[in-house]
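>>> Please work out how this folds:
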Amino acid sequence: MKTFKKTLLLLGGIAATGMLGSAASPKEIFKAAAPATPSYQTKLPTVIDLKDSTEGEIRSYYSSLNSLDNAELTGDNLLKNLKPILQDFQYFNYDAVWKIYEITDREWALSPAASDATNDITFDEASQTFTKYTYGTSNTKGGSNPYVRTLYRNRDEKGVTVEAGRIREWGDHNASGTNREHVWCQSRGFKDDNGASGPAGTDVHHLISGDGKVNQAYHNNTPYGNVDKTKTYKNASKDSSFLDGNLLGTAKNLHPGLDAGTEVFEPQDSDKGDIARALFYMAACYNNISGNETITEFNPNLVLVNYITDDGTAEASSATHPVAMGILDDLLEWHKNDPVDEYEIHRNNLIYKNFQHNRNPFIDFPEWVDIVWGSKKGTASAKPQTDVIYAGKGTAPAGPSTPSKPSEGEGLSIADLLKNINPMVFVGIGVAAVIILIIIIVIFASLSKKNKKKVIKAFNEVSPVDIPTKKKTTTTRKKSTSSSTKKKTTTSTKSVNKTTSTTKKKTTK
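Residues are numbered from 1 along each chain as shown. All right, here's what the predicted structure looks like:
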């Protein structure tokens, strides 16, 4: 008994030490790396997957949030906890972005994937994959040169750029063509003297193909907001007919004592939601809400505010000084009025699957915007395992932040549910199982030979090997067989076998 008690104490100490060690050092269990940081890549992929992510893949991407308390999944805390997920990504140099646009910003209705099939490019229709892709370099040289969908250029009712505004990727990269538009202006928190640099400066979740004229003469470094149409303003349609609706003028909503100016840029209606969600992503991916981040001009500290920010001198961020972009209330309005569409969803998936390998959570879960900045901040929490993944149906998502039970056929598979369980749960179950097994072995080893035999005998008696024969007979026949056995206890083995054989035959009949 003393040996048994000592063993239990020893195992308890080992278990406690092991569990505490696991909590303090998860690397020993998962061999996990330090907190994720963006990694620079020099080569673009030549195998391109055009399929959208499945629901299970999307939920799995955010699964590290599942074990957090509700308080950690609302407001600034949600941004804080999204950051390590989003920062685990790859980025490329500024020149490579032109080539990335051939896939991410392609006008698919005008340049379908199959149209690229040449000796240099191989496309497999069944798997929706470029198995060998050659990037373009100019209008005349080999490689791909698709039409690109460009911010600020008008589109028809089907979402296709109007004919006058259509442009190919390698057509014109000057003011009269396309630019690499930093939706979050570089002057607001990050800027390299030698041009844009990653991660933030080349992050294609906010670096989007945009019209050169609007980018340089209208947006530039001006904050976003609704223009007061009762006052004088500029409309980009005066430069080109296909730029109508992109405005520069006095803000409709002013914030006395807070505004650094009065002028704002208002894009065309069909781009408003896309721009708002790109800015929401930047505030989630680049912040120092935790207070423990390394902040540089390449990996800045950003925040969205509800006032007009400075559009003059460049401003650098620091660990204690986030650089702001506004106007938040107008961005929230744009997000609701111009909801996520299929093109935006597809772009998000193309970036995730082929280039950066990270996602914009506010495209996947548009309702999270309200949980971070809107009326549900502090009262509702993100639930990536059950919240509705938006499918781009052309209307804003409705209903409560916690959706009703999925209808038949829409639930998660067992595999998806397992993916969403925190890995530490499986570790805990495994540790507990090992401890129990060790305890059983130690207890058995400490028994005397006589007691060991009793244990073995008891185990054999309850073993399922002997049970089936008895269970197959009826109650009456069991009694009959039992009675016959008692009466013939003095007979020979042959006699018993004969009786049993006779009983079985009668049972069969």
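
>>> what does the average pLDDT come to for stretch 264-280?
Stretch 264-280 carries an average pLDDT of 98.

>>> Correction: the previous question concerned stretch 87-106.
Averaging pLDDT along stretch 87-106 gives 97.

>>> Can I get that stretch in PDB, CA atoms only?
Taking only C-alpha atoms (Å, rounded to 0.1, in the frame of the first residue of the first chain), the coordinates of stretch 87-106 have been written out as PDB:
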ATOM      1  CA  GLN A  87       0.600  38.400 -39.700                       C
ATOM      2  CA  ASP A  88       1.500  34.800 -40.600                       C
ATOM      3  CA  PHE A  89       1.800  35.700 -44.300                       C
ATOM      4  CA  GLN A  90       4.200  36.000 -47.200                       C
ATOM      5  CA  TYR A  91       4.900  39.300 -49.100                       C
ATOM      6  CA  PHE A  92       6.700  40.200 -52.300                       C
ATOM      7  CA  ASN A  93       8.600  43.200 -53.600                       C
ATOM      8  CA  TYR A  94       6.800  46.200 -55.100                       C
ATOM      9  CA  ASP A  95       7.600  45.200 -58.800                       C
ATOM     10  CA  ALA A  96       6.100  41.800 -58.300                       C
ATOM     11  CA  VAL A  97       2.700  43.300 -57.400                       C
ATOM     12  CA  TRP A  98       2.100  44.100 -61.100                       C
ATOM     13  CA  LYS A  99       2.400  40.400 -61.900                       C
ATOM     14  CA  ILE A 100       0.200  39.400 -58.900                       C
ATOM     15  CA  TYR A 101      -2.500  41.600 -60.300                       C
ATOM     16  CA  GLU A 102      -2.700  39.300 -63.400                       C
ATOM     17  CA  ILE A 103      -4.500  36.900 -61.000                       C
ATOM     18  CA  THR A 104      -5.900  38.800 -58.000                       C
ATOM     19  CA  ASP A 105      -7.200  41.900 -59.900                       C
ATOM     20  CA  ARG A 106      -8.100  40.200 -63.200                       C
END
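
>>> Just the endpoints, please. Distance across stretch 250-259?
Terminal residues of stretch 250-259 lie 12 Å apart, using CA to CA, to the nearest Å.

>>> which stretches of the stretch 251-400 of the chain have low pLDDT?
Using pLDDT under 70 as the threshold, the predicted model of the stretch 251-400 of the chain has low-confidence ranges 392-400.

>>> got the residue ranges for the strands in it?
In order along the chain, the stretch 251-400 of the chain carries the following strands (DSSP state E, counting those that start in this stretch): 263-266, 302-304, 315-316, 323-325.

>>> Columns mean neighbour count and distance to P199 on top of those strands, output as CSV?
The way it works is simple: take the backbone N, C-alpha and C, and place the C-beta from them, glycine included. Formatted as CSV, the entries for the strands of the stretch 251-400 of the chain read as follows, by neighbours: other CB atoms under 10 Å; distance: least, CB to CB, whole Å:
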stretch, mean neighbour count, distance to P199
strand 263-266, 23, 25
strand 302-304, 22, 12
strand 315-316, 16, 16
strand 323-325, 22, 16
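
>>> out of those, which comes closest to T379?
Relative to T379, the nearest member of the strands of the stretch 251-400 of the chain by CB to CB is strand 302-304, separated by 19.7 Å.

>>> What strands line up against the closest one, and which way round?
Strand 302-304 has these partner strands in its sheet, going by DSSP bridges: strand 323-325 (parallel).

>>> Can you give me the buried ones in stretch 218-233?
Buried positions in stretch 218-233, judged by neighbour count with 16 or more other CB atoms under 10 Å: Y218, H219, N221, T222, P223, Y224, G225, N226, V227, D228.

>>> Could you do stretch 184-198 as well?
Across stretch 184-198, burial judged by 16+ other CB under 10 Å covers W184, C185, Q186, S187, R188, G189, F190, K191, A196, S197, G198.

>>> roughly how far out does that stretch sit from the chain middle?
Here stretch 184-198 is found 26 Å from its chain centre; the criterion is CA atoms, centre = their mean, to the nearest Å.

>>> which residues touch that stretch?
The contact list for stretch 184-198, computed with CB atoms under 8 Å, 6 or more residues apart in numbering, reads 38, 40, 91-94, 180, 182, 200-202, 206-207, 219-221, 278-279, 282, 286, 297-302, 309, 313-317, 322-325.

>>> 7 Å instead, please
Contacts of stretch 184-198 with the rest of the structure, by CB atoms under 7 Å, 6 or more residues apart in numbering, involve 38, 40, 91-92, 94, 200-202, 206, 221, 279, 282, 297-298, 300-302, 309, 314-317, 323, 325.

>>> So for it, first residue to last residue, what's the gap.
Counting by CA to CA, the length from the leading to the trailing residue of stretch 184-198 is 14 Å.

>>> Same check on stretch 219-231?
End-to-end distance of stretch 219-231: 18 Å, with CA to CA as the criterion.

>>> tell me the average confidence for stretch 46-63?
When pLDDT is averaged along stretch 46-63, the result is 97.

>>> Please put the alpha-carbon coordinates of it into PDB.
Extracted in PDB, the C-alpha atoms of stretch 46-63 (Å, rounded to 0.1, in the frame of the first residue of the first chain):
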ATOM      1  CA  THR A  46       3.800  29.100 -61.200                       C
ATOM      2  CA  VAL A  47       1.000  26.700 -60.000                       C
ATOM      3  CA  ILE A  48      -2.100  28.900 -59.400                       C
ATOM      4  CA  ASP A  49      -5.300  27.500 -57.700                       C
ATOM      5  CA  LEU A  50      -8.400  29.400 -58.800                       C
ATOM      6  CA  LYS A  51     -10.900  27.600 -56.600                       C
ATOM      7  CA  ASP A  52     -12.400  29.400 -53.700                       C
ATOM      8  CA  SER A  53     -11.700  28.100 -50.100                       C
ATOM      9  CA  THR A  54     -14.300  25.800 -48.600                       C
ATOM     10  CA  GLU A  55     -16.200  26.700 -45.400                       C
ATOM     11  CA  GLY A  56     -14.100  24.200 -43.500                       C
ATOM     12  CA  GLU A  57     -10.900  25.800 -44.700                       C
ATOM     13  CA  ILE A  58     -12.100  29.200 -43.700                       C
ATOM     14  CA  ARG A  59     -13.200  28.200 -40.300                       C
ATOM     15  CA  SER A  60     -10.000  26.300 -39.700                       C
ATOM     16  CA  TYR A  61      -8.000  29.400 -40.600                       C
ATOM     17  CA  TYR A  62      -9.500  31.300 -37.600                       C
ATOM     18  CA  SER A  63      -9.700  28.300 -35.300                       C
END
